[in-house]
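# A predicted structure for the sequence below; I have some questions about it.
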Amino acid sequence: MLIDLQNVVKDYAIGSEVIHALRGINMKIEKNEYMAIMGPSGSGKSTLMNILGCLDTPSSGAYRLNAKNVGSMDDDRLAEIRNREIGFVFQNFNLLPRASALHNVELPLIYNGTPPAERRANAEKALIRVGLQDRMTHRPNELSGGQRQRVAVARALVNNPSIILADEPTGNLDTRTGDEIMELFETLHDQGNTIILVTHEEYIAEHSDRIVRLRDGKVERDEAT
């Protein structure tokens, strides 16, 4: 079992008001699953993604990732888990504008202290995996939107993480380019990667093998596609 959520609750206090973002989420995700999380605005998608990505912790309940109870870890340990276990892909790419594609992909390896030669070799391999072997020295403003997202995917892959967590990864792309990125995710899944996709687009979610639909902080439906 890669991920096990047991009765996960997340509450936020805003002034004197308490927001119940997640209301007892139970979910199991196996290694090499390809899953989409959907739901209307305010359903808890972003909160659930932040917890899965170890960017936040539950108010109550348990979150186990690779059998480790990450819900009880301090910030330093969470940062270590994020760097080693989770690759993030965001809607707006989050690339350093003045850095080359290669340097952008190297960043997670710089943070974890990988030696320079190994760092460069791993970043090159990741860029080759996403089809950008001829764009390694280009900066983001010299790349198309689809190529920028491929750099972001390569950065997510470079640590060989347990999970690729993608938040609206086609949101800033046209339909054709978005389809290319989804084909890339399918290839990565076929190669053994576990992918969790957060999206509000039905046709994007249908690329996955399983859709979890949230409403009002609860799992409304959990179904195979």
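Received it, and whenever you're ready, just let me know what you need. Residues are numbered from 1 along each chain as shown.
# State the distance from the residue nearest to residue 205 when sequence neighbours are not counted to residue 144.
Excluding its sequence neighbours, the residue lying closest to residue 205 (Cβ to Cβ, 6 or more residues apart in numbering) is residue 36, at 3.8 Å. No exception for glycine: its C-beta is placed from N, CA and C like everyone else's. Per Cβ to Cβ, to the nearest Å, residue 36 is found 25 Å from residue 144.
# Mind checking which of those two has more residues around it?
residue 36 (23 against 11; other Cβ atoms under 10 Å).
# any idea whether residue 154 is helix, strand or coil?
Of the three states, residue 154 takes helix according to DSSP: H, G, I helix; E, B strand; the rest coil.
# circling back: go ahead and list the helix or strand containing the residue nearest to residue 205.
Assigned by DSSP states H and E, residue 36 falls within strand 34-38.
# which SSE is the spatially most central residue of the chain in?
The residue lying closest to the centre of the chain (Cα atoms, centre = their mean) is residue 165, at 1.4 Å. Here residue 165 sits within strand 163-167, counting by DSSP H and E.
# got the buried residues for whatever helix or strand comes next after that strand?
Of the helices and strands lying after strand 163-167 in sequence (DSSP H and E), the nearest is helix 175-190. Neighbour-count burial for helix 175-190, with 16 or more other Cβ atoms under 10 Å as criterion, is recorded at 177-182, 184-185, 188-189.
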